[in-house]
Structure formats: C-alpha cells, structure tokens
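Q: Structure for the following, please:
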Amino acid sequence: MSPGPGLAGRSGLRRVLAPNPSPMTGRGTNSYLVGAADVVVVDPGPDDDAHLDALVTRAGGEIRYVLVTHAHPDHSAGARRLAARTGAALLGPPPSGAFSPDAVLSDGDVVAVPGWRLEVLETPGHCADHLCFVLEEAAPGGVDAPGGGSGTGRRRHRVLLSGDHVLGGTSTVVAAPGGDMAAYVASLERLLALAPPLDEIAPGHGEMLGDARAVLEAYVARRRAREAEVVAALELAPGATPAEIAAAVYPTIAPGLEQAALAQTWAHLRKLHDDGRASSPDPASPHAPWTAP
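A: Reported below is the predicted structural model:
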C-alpha cells in the first residue's frame, strides 16, 4: 500500500491493490478503504478470493458500505460477494450487466461513516454511468455541507476517488460507443470548477496524485491536443476510417491497446461530429469514412 500525502497519509484512506494486472488495468485495480470501526469499501475490484480476504482483513472494523464507481468488471465483479459476506449495503450506478446494487447513487448523495463523508458526483464519459466520490472529514457532531470547516478553522482536505475518470501515470481510455468524449471533457471541467477545490486524487489504477488542479488541467489539455491531432489527420486524408485515423494518431501503440486506440479515435470523431467539425454517412459505425466539413 502506498498512502501518498495529505489525507491519504492518515487513517481515513487505505489502498489495497487487486491482483489483476493487464495492459488495460496496469498493476491492477485500486480498492480503497475509508473509516476505522465502520468502514466503506470503494471499488472492491475483481471476484478474487484472496483480494476479498485482504479487504476484510485490512478493513479492521465492520464494512458498512460497498461503493462502486462504475460497472466495469475490474472494479465491480467482487462487489456482490463482498457485500453478502459482510452484510454491507452495495451502492453504485444503475444495474448494468452482472452488476446490480442494493440502491442507486445519484449526484449529491452522501455516504457517511463516523469521521468521514463521501459525496457522490456523476462524471459520465469513460462510461455513461460513471461516478466519482469526494472524500473529506466530517464535521464534529455530524455530517454537514461539503468543504466547510472541521471545528478548527481550517478547510477540510478533499480527495477525489476517481475510478477510471482519472488514472495515475497514464490517461483514461474513452472508448466509443460506451464512452462519450464530449461528456468526458465536460466532467473533467466540472471537477476543475468545484468549490472548494479538490486537493488530491485517488485513482482507480496507478499511484495517488497530488495537486488535483494541475492533474485535471493536464487531462483536459491532453484531450484537446488529441482532438487536434484527429482533425489534422482527417484533413490530410479525407474519407479515412476511424482505423486509418487511429493509425496516424497512434503510430506506436503498445501491444494489446490497438482496439482501445481505435475506439478512442472513434469517440473523438463522434464528438467532432456533434460539434459540427467532422461528418460521416454513419457516425454510429466504427468502419464508416469521415471527412472534415
């Protein structure tokens, strides 16, 4: 476990790395524990006996809630078994595939255990129903409005548990048709506009990220730069397919990520279509030709 600076260096947040490394998951999925006597688990990860055992052991106290940022199996597959084993309530986005929560979380909801609160933010983009959670200390005597003082005159430290919306050491794949690039960029910009601002980011994959604003600004800049590259490739090759544009934009893609690069290029093209900056006879097809207007 690597707790990182700030809030993550105290007892409020602990990370347990799942044993599911791959080209898409990096070293594995980060599962997080919040609280002491009463504990929240965020993204229990794969349905793996050893990992679920580790979560129960590391929790120390009683697991009250299991939260899921999104239904992709590397984040959610173990959620139902962990909830059944511990008697915890399983909370997250609407049912999808094999994932079905006990209750659906919506924007602005708060999940709290003694000393800590997690506010729900809807952050579509990586997938349509992606959620993030803002973790901060609860005010003495109960849960109050986000970001206020904690009785000591200081602003409470705020950590974003970002799921796959922001990752440590790499960029997030926004793969059409499930991923929506316009929604993704809008969600990043929403996080940048939060007041009080975020301090750190605890990503679904990779290490803790300090200076949340700088990270989010870099993420937005990266999406804008990639969009410009897609436009440039399209202008050089009118009538090109998403696969042909992806080959130009990602000339040295890592093995195993070729389909992700194609799907992300298609997501950029679909955003450009919605913006009136690219056209296709069939924007819903990953094989149709595209042109700049």
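Q: What ranges does this structure have for its strands?
A: 13-17, 30-34, 38-42, 62-67, 89-92, 103-104, 110-113, 116-122, 131-137, 159-163, 200-203, 209-210 (DSSP state E).
Q: of all the ones you listed, which gets the most neighbours per residue?
A: Mean neighbours per residue, mean count of other CB atoms under 10 Å, is largest over the strands of the chain for strand 159-163, with a mean of 27. Using the backbone N, CA and C atoms, a C-beta is placed for each residue, glycine as well.
Q: what's the spacing between it and its chain's center?
A: On the basis of CA atoms, centre = their mean, to the nearest Å, strand 159-163 sits 7 Å off its chain's mean C-alpha point.
Q: cool, and stretch 41-56?
A: Centroid separation between stretch 41-56 and its chain, computed with CA atoms, centre = their mean, is 18 Å.
Q: likewise stretch 233-252?
A: Centroid separation for stretch 233-252 versus its chain: 28 Å, with CA atoms, centre = their mean.
Q: For my notes, please list the strands of the chain in a markdown table and give mean pLDDT for each entry.
A: As requested, those are exported to a markdown table (pLDDT from 0 to 100):
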| stretch | mean pLDDT |
| --- | --- |
| strand 13-17 | 96 |
| strand 30-34 | 98 |
| strand 38-42 | 97 |
| strand 62-67 | 98 |
| strand 89-92 | 98 |
| strand 103-104 | 98 |
| strand 110-113 | 97 |
| strand 116-122 | 97 |
| strand 131-137 | 96 |
| strand 159-163 | 98 |
| strand 200-203 | 97 |
| strand 209-210 | 95 |
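Q: for those, which one sits closest to Asp274?
A: strand 116-122 (19.6 Å; CB to CB).
Q: All the helices of the protein, residue numbers only.
A: Assigned by DSSP state H, the helices in the chain fall at 49-59, 73-76, 79-86, 181-192, 212-236, 242-249, 258-274.
Q: Flag the shaky bits of the stretch 101-250 of the chain, pLDDT-wise.
A: For the stretch 101-250 of the chain, the stretches flagged by pLDDT under 70 are 140-154.
Q: Relative to Leu67, how far out is the closest residue to Asp43 other than its chain neighbours?
A: Spatial nearest neighbour of Asp43, chain neighbours left out: His75 (4.5 Å); criterion: CB to CB, 6 or more residues apart in numbering. His75 is 10 Å from Leu67, where distance means CB to CB, to the nearest Å.
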